[in-house]
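Enquirer: Next input, structure requested:
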Amino acid sequence: MLSAVALAQAIRAGHLTPLDVAERCIEAIRAQEADVQAFAAFDPDALLVGARAPDLAQRPLAGLPVGIKDILDTTDFPTERGSPIYAGYRPATDAAIVRMTARAGGVIAGKTVTTEFAFMTPSRTKNPRRLTHSPGGSSSGSAAAVAAGMLPIALGTQTGGSVIRPASFCGVTGYKPSFKLLPVLGLKVFSWSLDTIGLFGAHVADVAFAAAAISGRKLVPDDDMQAPRFAVARTARADQASPDAHRALDEAIRAAGKAGASVTVIDLPAEVEAADLACADVQAFEAALAFADEWDRHRGELSEKLRTYLADAARVTPEAYDEARRASRRGRHALADVMAGFDAILTFSAPGEAPEGFANTGSPIFNRLWTLSGAPCINVTGLTGLTGLPIGIQLIGRFGRDREALSAARFLERAINAA
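Expert: Numbering: from 1, shown residues only. You can find the predicted model right below:
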């Protein structure tokens, strides 16, 4: 994988140029894209032209190539959203996050594959760790491109588990910021209460660097952070995690304790667990409205999986939606009380290793609650399952305390690597 931090430092020191990095990425893409199929659109000539722009090295992203999930609007590339309905579609404006990335000195490398409208129908992308296995979804192309060393940074989105789960399956760092930290203008909405833009990189330092550069916020972890106070929450759904996922979490707990962190196993309050159940109605009710036009005008061009989901979603009443929102609010308040005594929560990123085959993208069962909470989430790498594929550890921070969450994630990453 390519380290965004190391590449930016080399560019600023004069050891590399943005053009050097662009050429390295193009070489990796040409070598692997036929197998991995991470890109929905890629123009090597445009990338080289962009990398020659003046003053890139002095900007926050130092001219690094960045992949954009094809659910985000771009004017220079088609925005097809993983659906034939939008084949060849060229928006009139970039998504806000795309403009922010360009202004920060990122060179837009292309569009990475998304599942259809960032839902559950598998895409064509393969897992570069093992090409016979799923890369996860819906940010499949973004995670795979970073895992394959094609790009140092890629943007994704998460409504259920679409950043954390593919990051776990592909063995990369995935960062879902606090809700609304990054603007979603120009995103094809699935659920406006849940949709969150996130980032993929090789390590915690890389996603922190990129998020700070794009947002202008102080997100890079402190070097002198004290050992964190971790809570471990396996949740009421722990029986759906594989034995090697449990082993990986146990290994992370031991590594954190050995490195000096305090680790306390907790049970989540009933109000927090109830919010997990509420997530389904919140997402469904909003999706039924978000896709009203596609449903009314282009129903036959939707996948069977999405058609079935939207038909069921239309049955969620406003009363059920409002009650789900109230349950969500109670759950967020209860979670804030739990977090008062800890710096972060550790739990599963996914039920286990990436599934073999491409029948599905894996389950978001260990992600949706934390997306609903709005809290920052990071997939921390370094552990593997029984067959050698990656298994990530999900770290959840306090809402709005993203820098502290990233600091705790870097501590855990270092602890796992040192164990």
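
Enquirer: which stretches of the stretch 151-300 of the chain form strands?
Expert: For the stretch 151-300 of the chain, applying DSSP state E, counting those that start in this stretch gives strands covering 153-158, 173-176, 196-201, 229-232, 262-265.

Enquirer: Just name the most buried of these.
Expert: Using mean count of other Cβ atoms under 10 Å, the stretch among the strands of the stretch 151-300 of the chain with the largest mean neighbour count is strand 173-176, at a mean of 31. No exception for glycine: its C-beta is placed from N, CA and C like everyone else's.

Enquirer: which stretches of the stretch 301-419 of the chain have low pLDDT?
Expert: For the stretch 301-419 of the chain, applying pLDDT under 70 flags no range at all.

Enquirer: Which one, of the strands of the stretch 151-300 of the chain, ends up nearest to residue 88?
Expert: Closest to residue 88 of the strands of the stretch 151-300 of the chain, according to Cβ to Cβ: strand 153-158, at 21.6 Å.

Enquirer: Just the endpoints, please. Distance across stretch 73-86?
Expert: The straight-line separation of the ends of stretch 73-86 (Cα to Cα, to the nearest Å) is 12 Å.

Enquirer: Could you list the buried residues of it?
Expert: Of the residues in stretch 73-86, those buried under the neighbour-count criterion (16 or more other Cβ atoms under 10 Å) are 73, 74, 76, 77, 78, 79, 80, 81, 82, 83, 85, 86.

Enquirer: again with stretch 171-190
Expert: Residues of stretch 171-190 classed as buried: 171-179, 181-182, 184, 186-190 (neighbour count, 16+ other Cβ under 10 Å).

Enquirer: and if you look at stretch 242-256?
Expert: Buried positions in stretch 242-256, judged by neighbour count with 16+ other Cβ under 10 Å: 242, 244, 245, 247, 248, 249, 251, 252, 253, 255, 256.

Enquirer: With stretch 269-276 instead?
Expert: Within stretch 269-276, the residues scored as buried using 16+ other Cβ under 10 Å are 269, 271, 272, 273, 274, 275, 276.

Enquirer: ok, and what's touching it?
Expert: When contacts are defined by Cβ atoms under 8 Å, 6 or more residues apart in numbering, stretch 269-276 is touched by residues 235-237, 327-328, 330-335, 337-338, 368-369, 372-373.

Enquirer: Tell me which residue is most central in the chain.
Expert: Per Cα atoms, centre = their mean, the C-alpha nearest to the average position across the chain is that of residue 163, at 2.1 Å.

Enquirer: Surely that one is in contact with residue 154?
Expert: No. The criterion here is Cβ atoms under 8 Å, and residue 163 misses it with residue 154 at 10.3 Å.

Enquirer: Overlap in contacts, the two.
Expert: 139, 199, 200.

Enquirer: export those to JSON lines and tack on pLDDT?
Expert: JSON lines is the format used below for the shared contacts of residue 163 and residue 154 (pLDDT from 0 to 100):
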{"residue": "139", "pLDDT": "98"}
{"residue": "199", "pLDDT": "99"}
{"residue": "200", "pLDDT": "99"}
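
Enquirer: Now render these as a markdown table, adding distance to residue 287.
Expert: Compiled in a markdown table, these are given as follows (distance: Cβ to Cβ, whole Å):
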| residue | distance to residue 287 |
| --- | --- |
| 139 | 18 |
| 199 | 24 |
| 200 | 24 |
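
Enquirer: List the residues that contact the closest residue to residue 390 other than its chain neighbours.
Expert: Taking Cβ to Cβ, 6 or more residues apart in numbering, and ignoring the residues beside it in sequence, residue 390 has residue 171 as its nearest neighbour in space, at 3.2 Å. Contacts for residue 171 were tallied using Cβ under 8 Å, 6+ apart; they are 129, 147, 381, 389, 390, 392.

Enquirer: residues near residue 277, how many?
Expert: Residue 277 has 14 neighbouring residues, counting by other Cβ atoms under 10 Å.

Enquirer: Kindly report the same for the one 5 residues further on.
Expert: Summarising burial for residue 282: neighbours were counted as other Cβ under 10 Å, giving 23.

Enquirer: distance of the closest residue to it other than its chain neighbours from residue 317?
Expert: Take residue 282 and drop its neighbours on the chain: the residue closest to it by Cβ to Cβ, 6+ apart is residue 324, 4.9 Å away. For residue 324, the distance to residue 317 equals 10 Å [Cβ to Cβ, to the nearest Å].

Enquirer: Looking at these two, which is more packed in?
Expert: Set side by side, residue 324 and residue 317 show unequal neighbour counts under other Cβ under 10 Å, the larger going to residue 324 at 24 against 11.

Enquirer: give me the element that one is part of.
Expert: Here residue 324 sits within helix 318-339, counting by DSSP states H and E.

Enquirer: got a list of what the closest residue to residue 418 other than its chain neighbours touches?
Expert: Take residue 418 and drop its neighbours on the chain: the residue closest to it by Cβ to Cβ, 6+ apart is residue 259, 6.8 Å away. With contacts taken as Cβ under 8 Å, 6+ apart, residue 259 has the following neighbours: 227, 411, 414, 415, 418.

Enquirer: Give me the buried entries from these.
Expert: For the contacts of residue 259, a neighbour count by 16+ other Cβ under 10 Å gives the buried set as 411, 414, 415.

Enquirer: What sits closest to the second one if chain neighbours are left out?
Expert: On the basis of Cβ to Cβ, 6+ apart, the spatially nearest residue to residue 414 that is not a chain neighbour turns out to be residue 259, at 7.2 Å.

Enquirer: Show the model's pLDDT score for the one you found.
Expert: In the prediction, the pLDDT value recorded for residue 259 is 97.

Enquirer: Use 19 as the first number for this chain going forward.
Expert: Got it, the first residue is 19 from now on, which makes the last one we talked about residue 277.
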